[in-house]
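Q: The sequence isn't on hand, but the structure is:
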């Protein structure tokens with residue numbers, strides 16, 4: 001069962017923190033992605049398909065960005081310790097009526113997960129993206145602008161990290 005949700009804009013260190021948690025033995029729920037392959041869609045964090053998925057599992061959260069559709073399914077939630085999600089999917093996760101019905105029918109105890117919000121300044125994130133990708137692309141700038149809108153009023157977190165104390 002998900003105990004931790006990691007969120008933050010592009011370049012904030014979500015994948016780095018996820019890798020550190022996996023190295024400690026925590027299990028990450030993978031997001032299912034439909035759309036063209038992207039470099040950052042690594043197999044530790046994503047299950048990728050270029051065509052629409054046919055899945056018989058219960059969908060907990062779903063969000064489309066440009067040409068990519070991201071989905072989180074119940075089976076992945078039930079067998080994981082943490083997940084990386086954008087704000088819209090966090091809200092869906094917490095409000096999922098399907099998940100609530102499943103919890104009631106199975107007697108599975110549900111608790112509100114700890115949400116870790118990685119909130120670094122734009123200039124720090126731009127530098128990290130440049131170091132990671134070798135350059136700042138138009139796509140990276142578009143994602144940064146989109147993130148600013150997505151996180152503008154985001155207040156639903158347990159811990160907000162805005163310094164590099166996690167990353168020596």
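A: Good, I have the coordinates. The model shown is predicted, which means the values in this text are computed figures rather than measured ones.
Q: who touches residue 116 in this structure?
A: With contacts defined as C-beta atoms under 8 Å, 6 or more residues apart in numbering, residue 116 is in contact with 4-7, 17, 157-159, 161. Every C-beta, even on glycine, is put in place using the N, C-alpha and C of the backbone.
Q: Filter those down to the buried ones.
A: Using 16 or more other C-beta atoms under 10 Å as the burial test, these include 4-7, 17, 157, 161 as buried.
Q: Surely residue 48 touches residue 30?
A: No. Contact between residue 48 and residue 30 fails when scored by C-beta atoms under 8 Å: they sit 9.5 Å apart.
Q: What residues sit buried inside the lengthiest helix in the chain?
A: Ranked by residue count and defined by DSSP state H, the top helix of the chain is helix 138-151. For helix 138-151, the buried set under the neighbour-count rule, 16+ other C-beta under 10 Å, comprises 140, 143-144, 147, 150-151.
Q: Export these as TSV, with columns for distance to residue 91 and pLDDT.
A: Shown next, in TSV, are those (distance: C-beta to C-beta, whole Å; pLDDT from 0 to 100):
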residue	distance to residue 91	pLDDT
140	25	83
143	20	84
144	22	89
147	16	91
150	11	91
151	13	94
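Q: I am finished for the moment; much appreciated.
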